[in-house]
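what shape does this take:
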Amino acid sequence: MSSYTSISVDKLSRLIGTATTPALIDVRTDEDFAADLRIIPGALRRPHETAADWAKSFAGRSAIVICRKGQKLSEGAAAWLRIEGVAAETLDGGFEAWKAAKLPLVPVVKLPPRDALGRTVWVTRSRPKIDRIACPWLIRRFIDPNAVFLFVAPSEVESVGERFGAVPFDIENVFWSHRGDLCTFDVMVEEFGLSTPPLDRLATMVRAADTGRPELSPEAPGLMAASLGLSRIFDDDLAQLDAGMLVYDAFYRWCRDATGETHNWPTSKGKS
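All right, here's what the predicted structure looks like:
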């Protein structure tokens, strides 16, 4: 049974992908990590030996600590976090329990290097519409909640990436781009190992709206309308991204929790 300082795999899986996900801290030993070079979506690697030093960087936040089996390493690191005022829990059963549940795991070889502040940095074309809002949403909700996105002139994306250490996406001839019938969002879901029924459904919506194939998803015209509406409301790309995060939060939660729900009016129809 879970204690008040631990969280179940099922409960954590419901938090990941939402705006309220706690900081996820992977403290597996280097040996354990080398045995499986994947992480729970959104997790940061930190050495358990120096928990007393890095714990203060999470002050004022909530956190979940993950080791291989959810025992001494995560318990000790969580205790240090609580010393610094962090609402810290451990993951019941640790990384092995998550893996046994066949939940998504992100291959670390696919993750970009981080900047001096520990953030991934990405660059794409200015004036985003669909894929260039959907992909940042996916990255911030499942890969790096502190990711930075640079929106620049289309002709300068690759050059900016080279000069500023940013990963280009959603332009031609780069790794993170369209492939065949797939849009960039599809590619990220696949490459990052994030495929689940809700994200696969959302990916179909994004692909249908982004590639002009509304027949793939009846919800695609609504996503297109919301995306184009946001682009008319905001002149600032970062402000548009902030607003778009909420839109994709809503579509994701619909894909995950509400596809079977209907709404009828009037409520008194058929009653005397």
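
can we go C-alpha only for contacts and neighbour counts from here?
OK.

surely Leu223 touches Met205?
Yes: at 7.4 Å, Leu223 and Met205 qualify as touching, with contact defined as C-alpha atoms under 8 Å.

neighbour count winner among those two?
Met205 (25 against 20; other C-alpha atoms under 10 Å).

so what's Ala23 up against?
42-44, 61-64 (C-alpha atoms under 8 Å, 6 or more residues apart in numbering).

same question for Leu91.
Neighbouring residues of Leu91 by C-alpha under 8 Å, 6+ apart: 6-9, 64-67, 70, 74.

check Arg82 too.
Counting by C-alpha under 8 Å, 6+ apart, the residues that Arg82 touches are Ala88.

which other residues reach stretch 145-153?
42, 119-127, 136, 139-140, 237.

flag every buried residue along that stretch.
Buried residues in stretch 145-153, counting neighbours by 16 or more other C-alpha atoms under 10 Å, are found at 145, 147-152.

would you mind giving the contacts of Leu91 as TSV with neighbour count added?
Output for the contacts of Leu91, formatted as TSV (neighbours: other C-alpha atoms under 10 Å):
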residue	neighbour count
Ser6	20
Ile7	20
Ser8	18
Val9	19
Ile64	25
Val65	34
Ile66	32
Cys67	26
Gly70	20
Ser74	28
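
contacts only, for Ala78.
Taking C-alpha under 8 Å, 6+ apart, we find Ala78 in contact with 64-65, 88-90.

and which of the residues you listed is nearest to Leu228?
Nearest to Leu228 among those is Ile64, at 37.3 Å by C-alpha to C-alpha.

residues touching the closest one, list them.
Contacts of Ile64 (C-alpha under 8 Å, 6+ apart): 7, 22-25, 78, 88-91.

how about it, secondary structure?
When classified by DSSP: H, G, I helix; E, B strand; the rest coil, Ile64 comes out as strand.

which strand residues bridge it?
Leu24, Glu89 (DSSP bridges).

and the gap between it and Phe95?
From Ile64 across to Phe95, the span is 12 Å (C-alpha to C-alpha, to the nearest Å).

next: Leu73.
From Leu73 to Phe95 the distance is 12 Å (C-alpha to C-alpha).

pull the number of nearby residues for Leu246.
14.

tell me where the protein has helices.
Counting by DSSP state H, the chain has these helices, from start to end: 9-15, 30-35, 51-54, 72-83, 94-100, 131-142, 157-164, 184-191, 197-210, 220-233, 237-253.

those helices into CSV, with extra columns for distance to Trp176 and mean pLDDT?
Shown next, in CSV, are the helices of the chain (distance: least, C-alpha to C-alpha, whole Å; pLDDT from 0 to 100):
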stretch, distance to Trp176, mean pLDDT
helix 9-15, 26, 97
helix 30-35, 26, 98
helix 51-54, 32, 97
helix 72-83, 34, 96
helix 94-100, 26, 98
helix 131-142, 10, 98
helix 157-164, 12, 98
helix 184-191, 6, 98
helix 197-210, 15, 98
helix 220-233, 21, 97
helix 237-253, 19, 98
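
want to throw the ones you listed into a markdown table with distance to Val106?
Shown next, in a markdown table, are the helices of the chain (distance: least, C-alpha to C-alpha, whole Å):
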| stretch | distance to Val106 |
| --- | --- |
| helix 9-15 | 14 |
| helix 30-35 | 13 |
| helix 51-54 | 23 |
| helix 72-83 | 20 |
| helix 94-100 | 11 |
| helix 131-142 | 9 |
| helix 157-164 | 23 |
| helix 184-191 | 8 |
| helix 197-210 | 14 |
| helix 220-233 | 27 |
| helix 237-253 | 19 |
